[in-house]
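Participant: model this:
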Amino acid sequence: MDIRWLPNHSSNTPLYLQIAEHIKNMIKYGYYPAGQKLSERSLASEYKVSRGTVVEALELLKSGGQLAALPKKGTVVAEDAWSKLFNAPANWQNLVSGGRQIPNEPGLREISSRSSEAGIITLSGYALNNKLFEPYKPLMQAMADMAAEPGAFTSSFWQHERQGFTPLREAVARYVSQEHSIKTDPKNIIIFNSYNDAMSAVFNALLSRRVHFYAQENDMILVMGNLATVGVNQHPIPSDGAGISLEEIERKISVKNQNILYLNPVNHWPTGTTLSSEKMGQLAVTCKKLKVPIIENDMLRDLWVTPPPPPLKSTDIHQQIIYLGTMPNLFLSGLRLAWCIAPASTIERLCDVKVQYSGPNNQATEALYYIMLEKGYYKECIQSVRAKMPERLFAVNTLMHKHLNGIASWDERNMNYLVWVEFDKKIDSFKLFRELRDFHFLTGNVYTKKQSSAVLLTTLSTPLDILDKGLEALASAVRSKL
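Facilitator: Next up, the predicted model:
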C-alpha cells in the first residue's frame, strides 16, 4: 500500500475515480480508521488536484456508505466502512476500534509507515551505518564462537528461565558495574526480548489510573499509546534548556499522590540533551526528598563523544530506581535484548507480566549477548564506534551548515546521535514531510502534539552523500516557504 500515491493525469480513468479507489484502500488497510475526518482542502493538497475533484470522490464514497457526513464534523470514515468494502458479515473494524490498546498518533503512524518503504531516503535512521561503523562484527564473532563450541550453549536452549539466561544476567551485572558504576546482583536483573517488551512490562506491572506519571515535555514516552492504554495520569515537565527542569519537578510533584518519574538523562529522545553531573546530583537529592520512584531509561548511554555522568542508579542505595538498559541499535532489531535492574519484589512482578505478554526469551539471542559481553566483543565495538564519532559528527555538522545556515538552528556543541533542528520561521514540519515524499524524517509535531517547526535528525546512520542530498531537499522546501 503506497500512501505516497498520486493520481495519474494521463490515465483514461477520471481523477476522482482514482482518488476514490485510493481512499477505499486507505480505509481497507487501516490508514483511515472509523471516525477519521477527511478534509477536502488537505486531500486536494495531498493529491495535487482541485478541491472540486476531491469533492466528487468523497460524494461517490458517501453514496457507497464508506464515508458519512456528520453535523459539525464534516466528512468522516463510516463506522461500518471496513465491512462494506469487503462485503463481510462480520464487522471487524468495530472490534479493532474498540480494542483496549490505544493507537499511536496518526502522524506517528504515517511517519513510521514511510520508513519501511523501498527507495526512501531517511534522515532519521535508527541503526548505525554498517560500512562506517561495522557494528555487525561482535555479533559475527559471537556466532563463530557459538558454532565452534555448540555443546557449551545448546543445552541452555532447552532451559527456560523466567528472568533470563543466568550467565547473561551475571555478565550484565559485571558490565554495568565496570562501565556504569552500578552495583547489583544478577537476582535483581530481568532480561527481555526487546526494549519495547521491557517498557510494556514495566508499565503494565507498575502503572494504574491512580498513578501520576511525570516525564520531560516532548519525551517520546508521552507520544506512544502505552500510557493512555494503562490510563495513567500524565504530567509533562517543562525543560529549562538543559534538560528536565528541577524547579518544575519540585513544583508539580505532590507527596500526597502515588507518583513515578520517568527520566531519559543521556541522549534524551528527541532533544538529544544529556544532563550534566551537577544536575544529575541535584536531581537525585530532589527525588529522594520527594520520595518519588524513578524509571531511568538509559538505552542510548553507550553512544557518546564526551563521557556522560554516571546513571542515577549508580547511587541508588534505597532501591528507589528501576533501571532500563540495552545495547544501542548496533545489530538487527530482532536481536536487541534489554535488561531491567529493580528490587526483588518488582522483579517477581515483572516476571509474571513478562510470561503473560511476551513469553520466553530467545535463548539463542541470550547466548549471543552473553558471549559479546563476556568476551569483550561488544566493548571493543562500541569503543571503535566512539573513536569514529567525532569525525562523523564534524562531517554531518558541516553538511548541515552547508544547507541549513540562515534558516535553522541546532546545538552544535553537544551534537551526538540525535540532533533537534528548529527552523527559524514558523513552518509546519509535518507538511514538509508530506511534501517531500521521497524522504523520511521525524517531525516535531509528533512529540509536541501540536504544529511544530522542528525536525529530529540522526547522525550515525545515513551515508554522507545521501544525507547531503536529503538536507539539500529539506532546505530547498523550507526556503520556498520563506
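Participant: Could I get the contacting residues of P310?
Facilitator: Under the criterion of CB atoms under 8 Å, 6 or more residues apart in numbering, the neighbours of P310 are H180, S181, M280. The C-beta positions use only the backbone N, C-alpha and C, and glycine is treated the same way.
Participant: Could you measure from it over to A68?
Facilitator: According to CB to CB, to the nearest Å, P310 and A68 sit 57 Å apart.
Participant: Could you list the low-pLDDT ranges of this structure?
Facilitator: Using pLDDT under 70 as the threshold, the predicted model of the chain has low-confidence ranges 1-3, 80-98, 152-159, 329-334.
Participant: Nearest to the spatial middle of it, which residue is it?
Facilitator: If you average the C-alpha coordinates of the chain and look for the closest C-alpha using CA atoms, centre = their mean, you land on M220, 6.3 Å from that point.
Participant: does that one really touch P270, like I thought?
Facilitator: Yes: applying CB atoms under 8 Å as the test, M220 and P270 come out as touching, 6.2 Å apart.
Participant: For V385, give its distance to N204.
Facilitator: From V385 across to N204, the span is 33 Å (CB to CB).
Participant: just to revisit the earlier point, please pick the buried ones from the contacts of P310.
Facilitator: When burial is judged by neighbour count using 16 or more other CB atoms under 10 Å, the buried members of the contacts of P310 are H180, M280.
Participant: In helices, which of the contacts of P310 appear?
Facilitator: For the contacts of P310, the ones inside helices are H180, M280, with DSSP state H as the criterion.
Participant: any idea which of the contacts of P310 is closest to Y369?
Facilitator: Nearest to Y369 among the contacts of P310: H180, at 16.5 Å, using CB to CB.
Participant: contacting residues around the closest residue to the closest one other than its chain neighbours?
Facilitator: Counting by CB to CB, 6 or more residues apart in numbering, the nearest residue to H180 once its immediate chain neighbours are dropped is P311, at 5.5 Å. By CB under 8 Å, 6+ apart, the contact list for P311 reads H180, S181, I182, P265, V266, E296, D298, R301, Y323.
Participant: Pull out the buried residues from those residues.
Facilitator: With burial judged by 16+ other CB under 10 Å, the buried subset of these is H180, I182, P265, V266, E296, D298, R301, Y323.
Participant: and the second one, how far is that from W339?
Facilitator: Using CB to CB, one gets 11 Å for the distance from I182 to W339.
Participant: And for the first one?
Facilitator: Distance of H180 to W339, given as CB to CB: 12 Å.
Participant: Could you tell me which residues touch both of the two?
Facilitator: Common contacts of H180 and W339 (CB under 8 Å, 6+ apart): G325.
Participant: what helices or strands is the helix or strand hosting S200 leaning on?
Facilitator: When elements are assigned from DSSP states H and E, S200 belongs to helix 195-206. Based on contacts counted as 3 or more CB pairs under 8 Å, 6 or more residues apart in numbering; DSSP states H and E, the elements that helix 195-206 packs against are helix 226-230, strand 321-326, strand 338-341, helix 344-357.
Participant: and the angle for the last one with strand 321-326?
Facilitator: With axes from the mean of the first three to the mean of the last three CA atoms, to 10 degrees defining the directions, helix 344-357 sits at 50 degrees from strand 321-326.
Participant: Just the CA trace of the next helix or strand along the chain from helix 344-357, in PDB.
Facilitator: Tracing the chain C-terminally past helix 344-357 and defining elements by DSSP H and E, one meets helix 363-374 next. Output of helix 363-374 as PDB, limited to C-alpha atoms (Å, rounded to 0.1, in the frame of the first residue of the first chain):
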ATOM      1  CA  GLN A 363      17.700 -18.400  24.300                       C
ATOM      2  CA  ALA A 364      20.000 -18.300  21.200                       C
ATOM      3  CA  THR A 365      20.000 -14.500  21.300                       C
ATOM      4  CA  GLU A 366      20.700 -14.500  25.000                       C
ATOM      5  CA  ALA A 367      23.700 -16.800  24.500                       C
ATOM      6  CA  LEU A 368      25.000 -14.400  21.700                       C
ATOM      7  CA  TYR A 369      24.600 -11.400  24.100                       C
ATOM      8  CA  TYR A 370      26.400 -13.300  26.800                       C
ATOM      9  CA  ILE A 371      29.400 -14.100  24.500                       C
ATOM     10  CA  MET A 372      29.500 -10.500  23.300                       C
ATOM     11  CA  LEU A 373      29.600  -9.100  26.800                       C
ATOM     12  CA  GLU A 374      31.800 -11.800  28.400                       C
END
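Participant: Following helix 363-374 in sequence, what is the next regular element?
Facilitator: Note on helix 363-374: by DSSP H and E, the next helix or strand toward the C-terminus is helix 377-404.
Participant: Three-state assignment for Q234, please.
Facilitator: Q234 carries the three-state label strand when classified by DSSP: H, G, I helix; E, B strand; the rest coil.
Participant: Give me the phi and psi angles of K183.
Facilitator: Note on K183: backbone dihedrals following degrees, to the nearest 10 are phi -100, psi 120.
Participant: 552 is where my numbering starts, stick with that
Facilitator: With 552 as the first residue, the last one maps to K734.
Participant: so it makes contact with T866?
Facilitator: No: using CB under 8 Å, K734 and T866 do not qualify as a contacting pair, with a distance of 10.0 Å.
Participant: Looking only at neighbour counts, state which of the two leads.
Facilitator: In this comparison of K734 against T866, neighbours counted by other CB atoms under 10 Å, the higher total goes to T866 at 16 against 12.
Participant: Let me know the helix or strand that the nearest residue to the more buried one once chain neighbours are set aside is in.
Facilitator: Leaving aside its sequence neighbours, T866 sits nearest to A835 (CB to CB, 6+ apart; 6.0 Å). Using DSSP H and E, A835 sits in helix 828-841.
Participant: what's next to the helix or strand following that helix, contact-wise?
Facilitator: Using DSSP H and E, the helix or strand that follows helix 828-841 towards the C-terminus is strand 845-848. The list of residues contacting strand 845-848 from outside it, by CB under 8 Å, 6+ apart, reads 750, 753, 772, 811-816, 838, 862-864, 871-875.
Participant: go again using 6 Å as the cut-off
Facilitator: L812, Y813, L814, N815, C838, L863, K864, I872, I873, Y874, L875 (CB atoms under 6 Å, 6 or more residues apart in numbering).
Participant: Can you tell me which of the residues you listed is closest to M694?
Facilitator: Of all those, L875 has the smallest distance to M694: 26.2 Å, by CB to CB.
Participant: What's opposite that closest one in the beta bridge?
Facilitator: L875 has the following beta-bridge partners by DSSP bridges: N848, C891.
Participant: count of neighbours near it?
Facilitator: Neighbour count of L875, defined by other CB under 10 Å: 22.
Participant: Over to H763?
Facilitator: Neighbour tally, H763, other CB under 10 Å: 19.
Participant: Likewise for E661?
Facilitator: Burial measure for E661: 17 neighbouring residues, criterion other CB under 10 Å.
Participant: For the one helix or strand it maps to, buried residues please.
Facilitator: Of the helices and strands defined by DSSP H and E, E661 is found in helix 657-666. Judged by neighbour count (16+ other CB under 10 Å), helix 657-666 contains these buried residues: G658, L659, R660, E661, I662, S664, R665.
Participant: In contact with the first one, which residues?
Facilitator: Residues in contact with G658 (CB under 6 Å, 6+ apart) are F981, V997.
Participant: run the last query once more with 7 Å
Facilitator: Taking CB atoms under 7 Å, 6 or more residues apart in numbering as the definition of contact, the neighbours of G658 are F981, N996, V997.
Participant: swap in the fifth one?
Facilitator: Listed by CB under 7 Å, 6+ apart, the contact partners of I662 are F984, L993, T994, V997.
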